[in-house]
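*Asks:* coords please:
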Amino acid sequence: MNSGVSPGWRLRALAAGSAGNLVEWYDWYAYSATALYFAPVFFPKGDQTAQLLQTAAVFAVGFFARPIGAWAMGRYSDRAGRKAALTLSVGMMCLGSLLIAVTPGADRIGVGAPIVLLLARVFQGLSLGGEYGASATYMSETAGRTRRGFWSSFHYVTLIGGQLVALCALIVLQHVLSRSAMAAWGWRIPFVIGAGLAVVAFWLRRNMFESPSFLGESASPDARGSTRLLLRSYPRETLTILGLTAGGSMIFYVYTTYMQKFLTNTGSFTKDEATQLSAMTLVAFMLAQPLCGWLSDRVGRRPMLLAAFGGGALVTWPIMDRVAACRSMTVAFLLILGGVLFESAYTSISAVVKAELFPTRIRSLGVALPYALANALFGGTAEYAALWFKAAGMESGFYVYASALSAVGFLATLAMRDTRKHSRILED
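*Replies:* Residues are numbered from 1 along each chain as shown. So this is what the prediction gives:
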């Protein structure tokens, strides 16, 4: 089936979807990037590990709100359209960022501070739960058959780009402000920026095109986005996404959000060095996405996933072990780079593989709900699990745990067909 869209239309649609996705993920990752600074503000009791454990717990709660957002927004996207769902999600993210930016610390409002922080993360979790499914679906549906892997890889380019922008904002603030100013109020600036960018993204999404797949769907709105249909007719696809996401999300958060803390809390690097290493890694990670997406259009999705999860299962433990003992920023960067290059074979095609598993009427919900469930259980708890193992004096147990989940992703890949050859996205 040919949708008859022009290359210019396709590029404009992808640009609009990508820009909003970047802002959403910037807002989400601003929390992780600044956690080292605001942890004592909201949780003043205990040592650094105890404070980070509490911020990681709030981080995890935000993840557990994502399945609710995925279910509600996935249904909304399949019924009202990708454009409507994406516009609503970025508005909710703006509200969450603004709440974090203006909430006083525990020294002024006591227990109210962590409660408001928790509520803000719930808003952001609901937003992002809907964002992933709707944006992954929208970008895969507008990418075109022959280069779908390449163009949909920009879903993770902007996802990583959001985290990178959050880290770059932190780096700039670290060089402009004193450490005392950063700890007192400077960490709030990234959240103010995020709220402002979300307003811009809201406007962009109000003016974006709807996808040809959604416009061409003949089923009535009441027959779309059905949870019963998803579970009854597509259990294999749902379980596949659960398995892929369990391994992929865990390894992703090991090398991105948790690694910054790991470098200072277990390794011997300063906060500034850890932030710089994280930024360098994310640049390389981001640049690898289009290359791996392009490669999947040539060799298929399944071989890429086997390489990602097989590599993750084999190299995660030795990489983490060596980084913990490392004293050189160059060596640490090369070690982490090796891990994220394996992970790129998954992240670059994460959106398109999941979207290609479902027909239009159930696609957003099918992508969003199992992804959000597995991401909440394994990705959202990655930092907390890592810090728990460390506090218990058996940090290497976390390396085994992460490697085992990557092996789960490998087994899920073995059981699936190559979606490049068997895609349910019928439009060109």
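*Asks:* now for whatever helix or strand Ser344 lives in, which elements pack on it?
*Replies:* Assigned by DSSP states H and E, Ser344 belongs to helix 329-355. If contacts are counted by 3 or more C-beta pairs under 8 Å, 6 or more residues apart in numbering; DSSP states H and E, helix 329-355 sits against helix 112-142, helix 148-152, helix 154-176, helix 235-253, helix 271-299, helix 301-325, helix 363-374. Every residue, glycine included, has its C-beta placed from N, CA and C.
*Asks:* check the chain for its longest helix and report it.
*Replies:* Counting by DSSP state H, the longest helix found in the chain is helix 7-42.
*Asks:* helix or strand right after that one?
*Replies:* Per DSSP H and E, the first helix or strand lying C-terminal to helix 7-42 is helix 48-80.
*Asks:* angle of that following helix against helix 7-42?
*Replies:* Counting by axes from the mean of the first three to the mean of the last three C-alpha atoms, to 10 degrees, helix 48-80 lies at 150 degrees to helix 7-42.
*Asks:* in helix 48-80, what counts as buried?
*Replies:* 51-80 (16 or more other C-beta atoms under 10 Å).
*Asks:* and that helix, how far out from the chain middle?
*Replies:* Between the centre of helix 48-80 and the centre of its chain there are 11 Å (C-alpha atoms, centre = their mean, to the nearest Å).
*Asks:* hmm, who's touching stretch 93-111?
*Replies:* 23-24, 27-28, 30-31, 41-44, 113-114, 116-117, 119-124, 127-128, 131, 188, 191-192, 194-195, 198-199, 202 (C-beta atoms under 8 Å, 6 or more residues apart in numbering).
*Asks:* can you get me the start-to-end distance on it?
*Replies:* One end of stretch 93-111 to the other measures 23 Å (C-alpha to C-alpha, to the nearest Å).
*Asks:* pLDDT weak spots in the stretch 201-350 of the chain?
*Replies:* Scanning the stretch 201-350 of the chain for pLDDT under 70 picks out 218.
*Asks:* please redo it, this time with the cut-off set to 90
*Replies:* Scanning the stretch 201-350 of the chain for pLDDT under 90 picks out 201-226, 253, 256-258, 260-262, 264-276, 278-279, 282, 326-327.
*Asks:* for Thr413, which non-adjacent residue is closest in space?
*Replies:* Leaving aside its sequence neighbours, Thr413 sits nearest to Leu305 (C-beta to C-beta, 6 or more residues apart in numbering; 4.2 Å).
*Asks:* how about Thr146?
*Replies:* Nearest to Thr146 is Asp297, by C-beta to C-beta, 6+ apart, at 6.9 Å.
*Asks:* Pro114 too?
*Replies:* Phe42 (4.9 Å).
*Asks:* which ones are touching the residue nearest to the spatial centre of the chain?
*Replies:* What sits nearest the mean C-alpha location of the chain, by C-alpha atoms, centre = their mean, is Leu159, with 6.0 Å. Counting by C-beta under 8 Å, 6+ apart, Leu159 touches 21-22, 25, 347.
*Asks:* for Thr264, see how far away Leu277 is.
*Replies:* Counting by C-beta to C-beta, to the nearest Å, the separation of Leu277 from Thr264 is 10 Å.
*Asks:* quick one, which of these two is more surrounded?
*Replies:* Leu277 (21 against 18; other C-beta atoms under 10 Å).
*Asks:* the more buried one and Leu263 touch, don't they?
*Replies:* Yes: under the criterion of C-beta atoms under 8 Å, Leu277 makes contact with Leu263 at 6.1 Å.
*Asks:* the residue nearest to Thr413: neighbour count?
*Replies:* Neighbour tally, Leu305, other C-beta under 10 Å: 27.
*Asks:* name all residues that make contact with it.
*Replies:* Contacts of Leu305 by C-beta under 8 Å, 6+ apart are 244, 345-346, 349, 353, 409, 413.
*Asks:* in those, find the pair that's most separated.
*Replies:* Ile349 and Gly409 (12.7 Å; C-beta to C-beta).
*Asks:* comparing these two, which residue is more hemmed in?
*Replies:* Ile349 (33 against 27).
*Asks:* ok, and the closest non-adjacent residue to that one?
*Replies:* Closest residue in space to Ile349, ignoring its immediate chain neighbours: Ser296 at 4.8 Å, by C-beta to C-beta, 6+ apart.
*Asks:* ok, now Trp388?
*Replies:* Per C-beta to C-beta, 6+ apart, closest to Trp388 is Leu53, 7.4 Å.
*Asks:* confirm for me that the one you found is in contact with Ala386.
*Replies:* No: using C-beta under 8 Å, Leu53 is not in contact with Ala386, being 10.1 Å away.
*Asks:* so Phe42 touches Thr55, yeah?
*Replies:* Yes: here Phe42 reaches Thr55: they are 7.2 Å apart, a contact under C-beta under 8 Å.
*Asks:* pull stretch 392-408 out as PDB, backbone CA atoms only.
*Replies:* C-alpha atoms of stretch 392-408 as PDB (Å, rounded to 0.1, in the frame of the first residue of the first chain):
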ATOM      1  CA  ALA A 392      24.300  -4.600  51.000                       C
ATOM      2  CA  GLY A 393      28.100  -5.000  50.200                       C
ATOM      3  CA  MET A 394      27.600  -7.200  47.100                       C
ATOM      4  CA  GLU A 395      27.800  -4.800  44.200                       C
ATOM      5  CA  SER A 396      28.900  -7.400  41.700                       C
ATOM      6  CA  GLY A 397      25.400  -9.000  42.200                       C
ATOM      7  CA  PHE A 398      24.000  -6.200  40.200                       C
ATOM      8  CA  TYR A 399      26.300  -6.900  37.300                       C
ATOM      9  CA  VAL A 400      25.000 -10.500  37.200                       C
ATOM     10  CA  TYR A 401      21.400  -9.200  37.400                       C
ATOM     11  CA  ALA A 402      21.800  -6.800  34.500                       C
ATOM     12  CA  SER A 403      23.600  -9.500  32.400                       C
ATOM     13  CA  ALA A 404      20.800 -12.000  33.100                       C
ATOM     14  CA  LEU A 405      18.100  -9.500  31.900                       C
ATOM     15  CA  SER A 406      20.100  -9.000  28.700                       C
ATOM     16  CA  ALA A 407      20.000 -12.800  28.200                       C
ATOM     17  CA  VAL A 408      16.200 -12.600  28.600                       C
END
